[in-house]
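Asker: Got a predicted structure here, sequence first:
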Amino acid sequence: MRFTLFAFLALTSPAIAGINAVVDTHALPNVARFAEATATLDVTAQADCRAEAVRPAFQTAFDAWMGVSHLRLGPLEENGRALSIAFWPDGRGMTQRTVNRLLQDEDTAVADAESFAEVSIAGRGFYALERLLYDEAQSKYDADSYACALVQAQARDLARSGADLKDAWQEFAPILKSAGDAGNTRYLSEKEAIQAVFTALTTGLTFDADTRMGRPLGTFDKPRPKRAEARRSGRSLRNVILSLTAMREMTAALGGEALPLSDASFAETLRVAQELDDPVFASVSDVMGRFKVEVLQLQITATKEVVVEEIGAALEVTSGFNLLDGD
Amino acid sequence: MRRRHFLSLLASVGLPQLSWADVGSPTFLAAAREPSGEYALFGLNAQGKDVFRIPLPARGHAAAAHPTAAEAVAFARRPGRFAMVLNCASGGVSHRLEAPEGRHFYGHGTFLENGAILATTENTIATGEGVIGLWARDEGYVRIGEIASGGIGPHDILRLPGDVLAVANGGIRTHPDQGREKLNLDRMRPNLTYLTTHGGIEEQVSLSEDLHQASIRHLAQHKGVVGFAMQWQGDLFDPVPLLGLHRRGGLAQLCTADLGEQLAMKGYAGSIAMTEDEICITSPRGGRMHVFDGQGTFKTALNRADICGVAASDHGMMATDGLGAIWHVDQNGLSRLGLADRAWDNHLIRLAT
């Protein structure tokens, strides 16, 4: 018995042990939590569609999304899943336009889930729902209004996306875990699976620094506080914190104790984020406030550099050859 | 006769004329980085197997294959001042092309007149004007002239029937002193230009003002239709088209996928290939390839990390990625032809058939 166990352990390389941990202790539980939270959002909205009634479940579901939004490998990269849940950033104002059009036309697509799934992704997901639940002008709808039916359709659609993501990850998990096996056409070696997780991490950290923080920061001469993510629901900084927390967890799962510098850097960045007293980055327009937001942005970029270097050395991966340096 | 010219002549007559069949009949050329950190140019057969390997001194970009002789011109990555003519039989460098004073190469070139003339895309450093350099292959690659490319930043160049050249003037001005820094993004104006070496510019195609930051970069052709792949220099989160099709005398047709897939390309198409039924563009940044039908209607997205090189094969397409895999692409999606311990570079070059 003891011998068998030893043989089994010997067969599991540190690389694949890290992948198994990412899947079993991080991705699958977080995806399940997201499916549950969106299901609750749906039930809540169907019971009482008015903004104040739906907001708490919206916040919980959005929190759960931050636990999975960085998992940009497999299901979230396919079939437009990520953007139909979270259509942001939206530089061309498509979310507002699509929501307005649905309201104006009283589009009958809200009647059933299949039809609503055909609506533009700009009119679905958290950011479209946020307009209706939090926008001053749009959140005062009545229980028997078209807006109410739209909120219910959006909540149902998110629950559907949550369930679909959970199913897709059940299918995807064994593929990721069997990287390099004969017959695995998706990941041709263990290293490719590590590379995919690594790319998701660096992409996620870049997104936090350059997009979640970078868009509201704009430039010194032209700050863009209204571009802060989910500012209507007061979540801009919270999303950064939850996203960093999730990526710290994924890094720990991937490398275990082999990545102490990355963990320490995440801890420091999270400390800076938690001390920032500016939930929607509204202060980017004044010099002192802007400085504090920039410090956090720099800190996230620093964490990314530590992660790239430490994981790169420990697991022998690098960022994509063509991805980084095209022409 | 100038001394250099004479020496080149000597070099070219000194070697027997070997054809592609003499070096294993490769169907494709592709550059790669090897695990040791070295770079090499590979000849690949139709099944994606290596038929030759030639070391390169630095990372390459594209290569231009001679239509008949076993000879390839490998360009340094821009802003490179050198290109090398590789003898694919001996693996040696048979000539070294040096960009004239005040010019640098952009990384692509093509042969004309049955392989007698090499045309290269170049930058006039002082003014930013694009130039097509002309080199006489049979005289040992001596520079014989140049013509205006019709825009700034000429990148890919394609030979069409009748020795008409299609040039992707990407529109982006760079200066070697500032590396790859883009100096004119707010006023860039890319175009697709058709020209001949004797008659100059025959036709130019540009896009509407709102797409002036869509850099027209790489080209492919099929039966009189030129496909162009673009790289968006505006907001990455704008879902702009990355593929255009053009037939001489007509208007450009722009092709897009649905909103979600369009955004997933991250504003970047790295390579393009066309066959009878399909047009493919690749995005290593989005980890995917977009497949359109011959009319430019989006069919499907195929996911693969760091995929970039793509070229038409005899039965569909072949594609390469930075993880070392070679893929056959058809209606069933991606199926693996090979996997090597090397990172395939941006482009897969199909040899003339």
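Answerer: Arrived safely. Residues are numbered from 1 along each chain as shown, chains lettered A, B, ... in the order given.
Asker: May I ask you to confirm that A:Leu129 is in contact with A:Leu158?
Answerer: Yes - under the criterion of C-beta atoms under 8 Å, A:Leu129 makes contact with A:Leu158 at 7.2 Å. C-beta coordinates here come from the backbone N, C-alpha and C atoms, glycine included.
Asker: The host helix or strand of B:His155 pairs with which strands, parallel or anti?
Answerer: Element membership of B:His155 [criterion: DSSP states H and E] is strand B:154-160. With DSSP bridges as the test, strand B:154-160 is paired with strand B:164-169 (antiparallel).
Asker: Contacts for the strand it pairs with, please.
Answerer: Strand B:164-169 is contacted from outside by B:110, B:112, B:119, B:121, B:130, B:132, B:149-160, B:190-197, B:202, B:216-219, B:221, B:226, B:228, using C-beta atoms under 8 Å, 6 or more residues apart in numbering or on different chains.
Asker: How many neighbouring residues does the closest residue in space to A:Gly67 that isn't next to it in sequence have?
Answerer: Spatial nearest neighbour of A:Gly67, excluding adjacent residues (C-beta to C-beta, 6 or more residues apart in numbering or on different chains): A:Asn30 at 3.9 Å. Neighbour count for A:Asn30, taken as other C-beta atoms under 10 Å in any protein chain shown: 22.
Asker: any idea which element the residue in the stretch 151-300 of chain A that chain B sits nearest to lies in?
Answerer: Of all residues in the stretch 151-300 of chain A, A:Leu188 sits closest to chain B, at 5.3 Å by C-beta to the nearest C-beta. Using DSSP H and E, A:Leu188 maps to neither a helix nor a strand.
Asker: quick one, phi psi at the closest residue to it other than its chain neighbours?
Answerer: Sequence neighbours aside, B:Leu339 is the residue nearest to A:Leu188 in space, at 5.3 Å (criterion: C-beta to C-beta, 6+ apart). Dihedral pair for B:Leu339: phi -150, psi 120, per degrees, to the nearest 10.
Asker: so B:Leu339 bridges to which residues?
Answerer: With DSSP bridges as the rule, B:Leu339 is bridged to B:Ala325.
Asker: Just the element for B:Cys127, please.
Answerer: One thing to correct before we go on: residue B:127 is Thr, not Cys. Using DSSP H and E, no helix or strand contains B:Thr127.
Asker: And the pLDDT at it?
Answerer: You'll see B:Thr127 listed with a pLDDT of 94.
Asker: I'd guess A:Ala230 is in a helix, am I close?
Answerer: No - per DSSP: H, G, I helix; E, B strand; the rest coil, A:Ala230 lies outside any helix segment and is coil.
Asker: ok, now which ones touch it?
Answerer: So A:Ala230 contacts A:62, A:88, A:126-127, A:130, A:236, A:239 (C-beta under 8 Å, 6+ apart).
Asker: mind listing the helices for the stretch 101-250 of chain A?
Answerer: A:113-116, A:125-134, A:146-177, A:190-206, A:214-217, A:236-255 (DSSP state H, counting those that start in this stretch).
Asker: Determine whether any part of the fourth one lies close to chain B.
Answerer: Put plainly, it is helix A:190-206. Yes - with C-beta under 8 Å from any C-beta of the partner chain as the criterion, chain B is reached by helix A:190-206 at A:192, A:195-196, A:199.
Asker: again with the second one
Answerer: No - between helix A:125-134 and chain B, judged by C-beta under 8 Å from any C-beta, nothing touches; the nearest distance is 10.6 Å.
Asker: Pick the most buried one from the helices of the stretch 101-250 of chain A.
Answerer: Mean neighbour counts were compared across those using mean count of other C-beta atoms under 10 Å in any protein chain shown; the top stretch is helix A:125-134, at a mean of 24.
Asker: low-confidence ranges in the stretch 151-300 of chain A?
Answerer: Along the stretch 151-300 of chain A, the model assigns pLDDT under 70 to no residue.
Asker: what's the burial count for the residue of chain A found nearest chain B?
Answerer: Chain A approaches chain B most closely through A:Gly80 (2.9 Å), counting by C-beta to the nearest C-beta. Look at A:Gly80: counted by other C-beta under 10 Å, it has 20 neighbours.
Asker: Surely it and B:Gly260 touch.
Answerer: Yes - with contact defined as C-beta under 8 Å, A:Gly80 reaches B:Gly260; the gap is 2.9 Å.
Asker: show me what contacts the residue of chain A closest to chain B?
Answerer: Counted by C-beta under 8 Å, 6+ apart, A:Gly80 has contacts A:121, B:258-261, B:264.
Asker: Which pLDDT value goes with it?
Answerer: 91.
Asker: so what's the closest residue to A:Ile16 other than its chain neighbours up against?
Answerer: Nearest non-adjacent residue to A:Ile16, counting by C-beta to C-beta, 6+ apart: A:Glu190, 5.3 Å away. When contacts are counted by C-beta under 8 Å, 6+ apart, A:Glu190 is found next to A:13, A:15-16, A:19, A:179-180.
Asker: quick one: which of the residues you listed is most hemmed in?
Answerer: A:Ile19 (24 neighbours).
Asker: Roughly how far does the residue in the stretch 201-350 of chain B that chain A sits nearest to sit from A:Ala163?
Answerer: Nearest residue of the stretch 201-350 of chain B to chain A (C-beta to the nearest C-beta) works out as B:Gly260 at 2.9 Å. B:Gly260 is 19 Å from A:Ala163, where distance means C-beta to C-beta, to the nearest Å.
Asker: what's the average pLDDT for the strand or helix carrying A:Gln59?
Answerer: Assigned by DSSP H and E, A:Gln59 falls within helix A:51-66. For helix A:51-66, mean pLDDT is 98.
Asker: What helices and strands are in contact with it?
Answerer: Using 3 or more C-beta pairs under 8 Å, 6 or more residues apart in numbering or on different chains; DSSP states H and E, the elements in contact with helix A:51-66 are helix A:28-47, helix A:125-134, helix A:146-177, helix A:236-255.
Asker: And these: which comes nearest B:Ser94?
Answerer: Nearest of the helices and strands packed on helix A:51-66 to B:Ser94, taken as C-beta to C-beta: helix A:146-177 at 47.3 Å.
Asker: about what we covered before: could you check how far the residue nearest to A:Leu188 is from B:Thr174?
Answerer: 35 Å.
Asker: out of the two, which sits in the more crowded spot?
Answerer: B:Thr174 (22 against 16).
Asker: Checking my notes, the more buried one in a strand, right?
Answerer: No - assessed with three-state DSSP, B:Thr174 is coil; it does not lie in a strand.
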